[in-house]
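> this is a predicted model, with the sequence first.
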Amino acid sequence: MKRIIALACGLCIAGGVAKAQTLESKFGLDSIQTLQNASIYSEFLKQKNYKDALPAWSYVFHNAPCFQVSTYTKGEDLFSGLYQQTKDMQYVDSLRMVYDQWIKYCHINPRFGEGYILGKKGAMLIQLGLNSNDDILKEAYNYLSKSFEIEGAKSHPVTVQIMFFAAGDLIKKNLMTREEYIDLYMEVSDFIDAAIKNAKKPEPYVAMKERIDGMFFTSGIADCATLEQLLTEKYNSAPTDVDNLRSIVSLLRRNECEGLNLYMVATEELYKVEPSAEAAYSLAMMFLKHQDWEKADTYLKEAIGKAEDNMVKADYCMRQAQLKLAMKKYAEVKSAALAAIQCNPNNGEAYILIGQAYAAYAPNYGEDAFDHASVYWAAVDKFQKAKSVDPNVADKAQELISTYTPHFPSKEEAFFRSVTDGGKVQIGDWINETTTARFNN
């Protein structure tokens, strides 16, 4: 009798193992049923007939969980559609079930791992408008945060953006501390900066950076006094840690808080432990804020010399050109702006700075009013060049053109210099430009 019972138990166990093995095969327990039901629910979903799609989808989901990734992506469509039609929370529970099983069987397509799926799970809860519920908001954020932790640099940008959006809601509801929100902003900023640097098409990340910065700097968390209070604790926790110093300095600089004592202390410490281009630039910004222009210029030169990335070097050169303009060292404005253009030929702001330097120097050029006014031809040439290479500065350039064109020489003045309309004129001195004569009529 015992042998019979043991044999029966063995058969049951063997049958259970066989069923499990069949369940995890591509077509599940019954390949014909799986294929038929997959076809049925796919057609109903095309028509957004969620109610009639549900039984067929449920068969595939429960009996062939390894059939296709589309079982899960279409499950998203199915239950999000049913929820939007009915607002019945049972369909949100069903969505959670879809994601949980997808994670369990995510080996069917390694491209969609746990981190990716958790990101979709959190994003869906937000996209359905459920973040008005505090518990669901926290749940969604936790999924998104875990996704970001797992995926790291491979995180989907939409997931990261929705995570930061959810964090914004949490901070408004006092469900997240200011320290946590600032730390998250710095992590997300680092992610975006790396993506911009490494992406073949960085434009979407540039736009994302603008949105994230906009959310952060309008959150009410980012005023200089608050940042100093919170970041002082962060500084004191690791005053010689390079990553810690770099993140503090970067955040304060982005929020134009270079006048803070903390910025000065952190910047000088960063420069001591890592005298990099970025550290030198941060020191330059500090001295610029305190109007110590000579020291600012010294550190800008060092930053430019150490910078390896062309776009970064272009930014540093532009800052130096702006400084030289404020110092009324007009020839040096041109040199710095040309260096920026060499790094980034489409930098319209650099051409504008050269034009502004020409215009500022005009009263000092030559011997008479005609000589002075002729410099505005060269200045306007640069503003027109700015418009042609960089649409982002077109309005600013046109405004400057309209400002300086009325200051062109008159025909009467030109007559006595044998200069004709459309003729070539050489502007000498450090400007050293050949331009075209145009008159103020």
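Perfect, thanks for sending it.

> so what touches stretch 37-50?
For stretch 37-50, the external contacting residues (C-beta atoms under 8 Å, 6 or more residues apart in numbering) are 52-54, 56-57, 59-60, 67-68, 71, 74, 77-78, 81-82, 85. Every C-beta, even on glycine, is put in place using the N, C-alpha and C of the backbone.

> what is the mean pLDDT for that stretch?
Confidence over stretch 37-50 (mean pLDDT, whole number) is 96.

> equivalent analysis for stretch 376-389, please.
Mean predicted confidence for stretch 376-389 is 97.

> how distant is that stretch from the center of its chain?
31 Å (C-alpha atoms, centre = their mean, to the nearest Å).

> which other residues reach it?
345-352, 354-356, 358-359, 362, 393-394, 396-398, 400-401, 404-405, 407-408, 425, 427, 431, 433, 435-438.

> repeat that for stretch 283-292.
253, 258-259, 263-264, 267-268, 271, 293, 295-300, 303, 319, 323.

> just the ones of the contacts of stretch 37-50 in helices?
52-54, 56-57, 59-60, 71, 74, 77-78, 81-82, 85 (DSSP state H).

> mark which of the residues you listed are buried, thanks.
Using 16 or more other C-beta atoms under 10 Å as the burial test, these include 53-54, 56-57, 59-60, 71, 74, 78, 81-82 as buried.

> and the residue lying closest to residue 239 once chain neighbours are set aside, what element?
Distance criterion C-beta to C-beta, 6 or more residues apart in numbering; nearest residue to residue 239, sequence neighbours excluded, is residue 269 at 6.3 Å. Following DSSP states H and E, one finds residue 269 within helix 261-273.

> on the C-terminal side of that helix, identify the next helix or strand.
Counting by DSSP H and E, what follows helix 261-273 is helix 277-289.

> from the middle of its chain, how far away would that next one be?
With C-alpha atoms, centre = their mean, you get 23 Å for helix 277-289.

> average pLDDT across that helix?
91.

> between it and helix 261-273, how many degrees?
Relative orientation of helix 277-289 versus helix 261-273 (axes from the mean of the first three to the mean of the last three C-alpha atoms, to 10 degrees): 140 degrees.

> model confidence for residue 187, exactly?
90.

> just to revisit the earlier point, tabulate the ones in helices among the contacts of stretch 37-50 in CSV, adding columns for distance to residue 165.
As requested, these are exported to CSV (distance: C-beta to C-beta, whole Å):
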residue, distance to residue 165
52, 35
53, 30
54, 31
56, 35
57, 30
59, 37
60, 33
71, 29
74, 26
77, 22
78, 25
81, 23
82, 25
85, 25
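
> give me the residue ranges of this structure where confidence is low.
Where the chain drops to pLDDT under 70, the residues are 1-24.

> domain parsing of it, as residue ranges.
223-287, 307-441 (automatic domain parsing).

> hmm, residue 414 and residue 440 touching each other?
No - contact criterion C-beta atoms under 8 Å: residue 440 and residue 414 do not qualify, at 9.9 Å.
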